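Peer 1: Only the shape, not the letters, is given here:
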DNA sequence: CGCTTCTTTCAGAAATTTGTGAAGTTAAGG
DNA sequence: CCTTAACTTCACAAATTTCTGAAAGAAGCG
């Protein structure tokens, strides 16, 4: 049997997956440590781990965990919660909502739109470059509306498929 | 008047916009030089520039232009074209299609799905972590289908708004 | 063919990013 | 309060990335 402890998981395979998944996140622009920590959390059965568990599994210092977790919390990909009656903290992935956060660029889209508006006026609304910028702006505005609707459809779809709501 | 040459553009303002737009791209995960080059191209009236023009405007070496352009070409954000009867090359943004490229993750989505499938089997389809992974996978598969439809709606919307097709 | 103009490659310098150990801070539990 | 467990911050060393100058490589043009 390839399983180590009685935890019902092949630690080797899980670790490989964690690292490979983290690599994808890195490629998508996430810093290395946050990516590894996030992948580890996502692969945990509880969906949450303590700082010590993370440092232990990933072989990184408490400082690295701290930095990674700060990043993840700021970008709303994990939440921190205090273990009652202990100075231990748990970091948790919002179960099925993390990828919603990924697409829920809300604020991000707004910043892009604002930057593009600046562009249109810097370039001149009546120039070819300005028009190109205006069209890009229109695309983002369009996206803005579509994303919300798309996520609504997903929740519907998920409920039908998983019964999870 | 704040315009310098007779080119009808406030070079200062345009440059500021180029740098600020590039900064957004960097934040979104694009390397610095490609981002700056891309922003410059996007802000040009012709939608295309030569290597020399780019190096000149951005104050970077030919080597840097070369590297940036290679990146952009590989990711399909610009195309290279030879100026007929010259060894000069022009780099061009695909007008209104660059942001389609941004969303047209096609291959990217497939890679994620494949990684997630690995995850489900590494974690065990019957474990909590495995189920979480399976649901994420379902989300990406869902996205896959939605993105195409969304872009179709955009083209429709664009035609109505800009008459550009 | 060789000259010339442009682009690419490459090795290395410079800057940036990353992760650590160690000291510092906070808060639980006596 | 004091002790101690846990997390955070900070300065720095190490690794990585980024950009350049220089040299080599194409390709038009005579």
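Peer 2: Thanks, I have it. Keep in mind the model is a prediction, meaning the values are calculated, not measured.

Peer 1: Helix or strand: which one has residue A:154?
Peer 2: Per DSSP states H and E, residue A:154 falls inside helix A:128-162.

Peer 1: what comes into contact with the helix or strand of chain A with the lowest mean pLDDT?
Peer 2: Scoring the helices and strands of chain A by mean pLDDT, DSSP states H and E places helix A:98-103 at the bottom, with a mean of 73. Here helix A:98-103 makes contact (CB atoms under 8 Å, 6 or more residues apart in numbering or on different chains) with A:42, A:75-77, A:94, A:147, A:150-151, A:154, B:136, B:139-140, B:143. For glycine as for every other residue, the C-beta is placed from the backbone atoms N, C-alpha and C.

Peer 1: And it, how far out from the chain middle?
Peer 2: Remark: helix A:98-103 is offset 6 Å from the chain centroid, using CA atoms, centre = their mean, to the nearest Å.

Peer 1: Give the buried residues for that helix.
Peer 2: A:98, A:99 (16 or more other CB atoms under 10 Å in any protein chain shown).

Peer 1: can you check stretch A:121-132 too?
Peer 2: A:122, A:123, A:124, A:129, A:130, A:131, A:132.

Peer 1: With respect to DNA strand D, which of these is nearest?
Peer 2: Nearest to DNA strand D among the buried residues of stretch A:121-132 is residue A:122, at 22.6 Å by CB to the nearest atom of the strand.

Peer 1: ok, now which ones touch that closest one?
Peer 2: Residues in contact with residue A:122 (CB under 8 Å, 6+ apart) are B:10, B:13, B:14, B:16, B:17.

Peer 1: can you rerun that using 7 Å?
Peer 2: B:13, B:14, B:17 (CB atoms under 7 Å, 6 or more residues apart in numbering or on different chains).

Peer 1: would a markdown table of those residues with distance to DNA strand C be doable?
Peer 2: Shown next, in a markdown table, are those (distance: CB to the nearest atom of the strand, whole Å):
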| residue | distance to DNA strand C |
| --- | --- |
| B:13 | 24 |
| B:14 | 22 |
| B:17 | 21 |
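
Peer 1: Go through those and flag which are in helices.
Peer 2: Mapping the contacts of residue A:122 onto helices (DSSP state H) picks out B:13, B:14, B:17.

Peer 1: What sits closest to residue A:51 if chain neighbours are left out?
Peer 2: Closest residue to residue A:51 apart from its sequence neighbours, by CB to CB, 6 or more residues apart in numbering or on different chains: residue A:65 at 5.0 Å.

Peer 1: typed the wrong thing, it's residue A:37
Peer 2: Counting by CB to CB, 6+ apart, residue A:37 lies nearest to residue A:68, which is 4.2 Å off, once chain neighbours are set aside.

Peer 1: okay, now that neighbour: neighbour count?
Peer 2: Residues lying near residue A:68 (other CB atoms under 10 Å in any protein chain shown) number 26.
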